[in-house]
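Novice: The sequence isn't on hand, but the structure is:
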Ligand code: SF4
Ligand code: F3S
Ligand code: FES
């Protein structure tokens, strides 16, 4: 079948304003949006810029706005979408070119919450043990692939990009609820700042956007509670 794509194009080196590129591509019923974008790039206009790597919903590099919702282009079937398929870069990040955005501020916020195990205690002879119940406390937030779909769909983030954003909070949650971790004090300090969890207004766009099905808003609520009642 043939499908129409409208892709928001912008090359800051040449263009004063973004503009819409219109393309018609031949696709199979099993093709995903990423296949359609590749058809455009490989057969119609090789200047189209996009990021992707795994093509299987694992690396998180191809999050973009597809028909108005943040999605991974490699996970959305073209046949499930209304045409024309409108594709734009994620909102709230600086566009480097077309669908490629500057992720550095996003990763700076991620690094700020120390997304790794903090524990200076002498290591045991075997591994640091943990019960299945303790492991279950942070199971959901281990699934994050750092795609940015949550942060860039959050109106609080659009209003103030100082907000640390749901993705960084999810990363903090993953370690704060890990019984082996000892970095709670430093992480909670970051989350308690003006740019931290209190900027979340429980809008739920993040949860809706997450391609991994993580209960992002719930994780944020658990951290607000931990800060209020000092339960960590
Ligand atoms: Fe992407 Fe979900 Fe992780 Fe946010 S929480 S970065 S939407 S995988
Ligand atoms: Fe934003 Fe999600 Fe909170 S959309 S306001 S981080 S619930
Ligand atoms: Fe890796 Fe889509 S290309 S998640």
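Specialist: Sure thing, it's come through. Everything quoted here is computed from the prediction, not taken from an experiment. Numbers count the residues shown, from 1 in each chain. Ligands and ions are numbered 1, 2, ... in the order given.

Novice: Strands along this protein, start to end?
Specialist: Using DSSP state E, the strands of the chain run over residues 2-9, 19-26, 63-66, 69-72, 85-88, 95-97, 100-101.

Novice: Point out the residues in the protein that sit beside ligand 3.
Specialist: 52-55, 57-62, 72, 74 (CB under 6 Å from any ligand atom). For glycine as for every other residue, the C-beta is placed from the backbone atoms N, C-alpha and C.

Novice: Pull out the buried members of these.
Specialist: 52, 55, 57, 59-62, 72, 74 (16 or more other CB atoms under 10 Å).

Novice: Adding pLDDT and distance to residue 28 as columns, could you present these in JSON lines?
Specialist: As requested, these are exported to JSON lines (pLDDT from 0 to 100; distance: CB to CB, whole Å):
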{"residue": "52", "pLDDT": "98", "distance to residue 28": "18"}
{"residue": "55", "pLDDT": "97", "distance to residue 28": "15"}
{"residue": "57", "pLDDT": "97", "distance to residue 28": "19"}
{"residue": "59", "pLDDT": "98", "distance to residue 28": "23"}
{"residue": "60", "pLDDT": "98", "distance to residue 28": "25"}
{"residue": "61", "pLDDT": "98", "distance to residue 28": "23"}
{"residue": "62", "pLDDT": "98", "distance to residue 28": "19"}
{"residue": "72", "pLDDT": "98", "distance to residue 28": "19"}
{"residue": "74", "pLDDT": "98", "distance to residue 28": "15"}
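
Novice: List the ones among those that fall in helices.
Specialist: Using DSSP state H, the subset of those located in helices is empty.

Novice: Of the residues you listed, which ones also sit close to ligand 1?
Specialist: residue 60.

Novice: Check the buried ones among the residues of the chain next to ligand 3 and tell me the two furthest apart.
Specialist: Using CB to CB, the pair of these lying farthest apart is 55 and 60, separated by 12.0 Å.

Novice: Overlap of the contact sets of these two?
Specialist: Here residue 55 and residue 60 have no joint contacts, going by CB atoms under 8 Å, 6 or more residues apart in numbering.

Novice: and this protein, which residues reach ligand 2?
Specialist: Counting by CB under 6 Å from any ligand atom, the chain sits next to ligand 2 at 154, 156, 166, 200-206, 216-217, 220.

Novice: Fine by me, we can end here.
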